[in-house]
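Participant: Curious how this folds, go ahead:
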Amino acid sequence: QIDHYAQRDLKKGLQLFGTEGNVGLTNAWMIVQTDFRCCGVTNHTDWFEVYNTTRVPDSCCLEYSDNCGLDNPGTWWTAPCYERVKDWLNENLVALWIFALCTALTQVIIAFKLCELCLFQQSLTRSSISA
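Facilitator: Sure, this is the predicted structure:
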């Protein structure tokens, strides 16, 4: 069920690709497709609905060149991005958790050190007032 809803929402998000005010989303799709060597959410035909024609973004091309997404499907990545990213997350889940825990621990340590610094500064202020 979660996979179904996630894929549906990602496909809706494809409609915003390349539109004004959606540079971040556009860049994210380009990076994902290039780095994961994939095209579309479930396959390259997801882009046909976005462009209303049989083409894909240039980031789907096996060998990038301007307007390579207009060429034939044999020159495009065939792997679905949803599955590629999901597999990568599953393979790297332990590393992601370790990174998250280290980040949280670092923030807690910094918060305690800042509290110590504030208390030290207050004690200095009190001692200079009483002197």
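Participant: okay, CA-based contacts and neighbour counts for the rest of this
Facilitator: Will do.
Participant: Which single helix of the chain contains the most residues?
Facilitator: The single longest helix within the chain, with elements called by DSSP state H, is helix 93-130.
Participant: quick one, phi/psi of the residue positioned nearest the centre of the chain?
Facilitator: In the chain, the centroid-proximal residue (Cα atoms, centre = their mean) is residue 28; its distance is 6.2 Å. Main-chain dihedrals, residue 28, degrees, to the nearest 10: phi -60, psi -50.
Participant: begin at 33 from here
Facilitator: In the new count, where the first residue is 33, that last one comes out as residue 60.
Participant: separation between it and residue 155?
Facilitator: Distance of residue 60 to residue 155, given as Cα to Cα, to the nearest Å: 50 Å.
Participant: Return the set of buried residues in the longest helix of the chain.
Facilitator: In terms of neighbour count (16 or more other Cα atoms under 10 Å), helix 125-162 has no buried residues at all.
Participant: what does stretch 82-96 give?
Facilitator: Counting neighbours by 16+ other Cα under 10 Å, stretch 82-96 gives 82, 86, 87, 88, 89, 90, 91, 92, 93, 94 as buried.
Participant: Poorly predicted segments of the chain, please.
Facilitator: Within the chain, the ranges that satisfy pLDDT under 70 run 162-163.
Participant: for the residue lying closest to residue 88 once chain neighbours are set aside, what are its contacts?
Facilitator: Residue nearest to residue 88 in three dimensions, not counting chain neighbours: residue 101, with 4.7 Å by Cα to Cα, 6 or more residues apart in numbering. By Cα atoms under 8 Å, 6 or more residues apart in numbering, the contact set of residue 101 is 87, 88, 89, 90, 91, 92, 93, 108.
Participant: Redo those as a markdown table? Include secondary structure and distance to residue 53.
Facilitator: Below are the contacts of residue 101 laid out as a markdown table (DSSP: H, G, I helix; E, B strand; the rest coil; distance: Cα to Cα, whole Å):
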| residue | secondary structure | distance to residue 53 |
| --- | --- | --- |
| 87 | coil | 22 |
| 88 | coil | 20 |
| 89 | coil | 18 |
| 90 | helix | 20 |
| 91 | helix | 20 |
| 92 | helix | 22 |
| 93 | strand | 25 |
| 108 | strand | 27 |
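Participant: With respect to residue 151, which of the residues you listed is nearest?
Facilitator: Checking these against residue 151 by Cα to Cα gives residue 91 as the nearest, at 54.2 Å.
Participant: I'm done for today, thanks for sticking with me.
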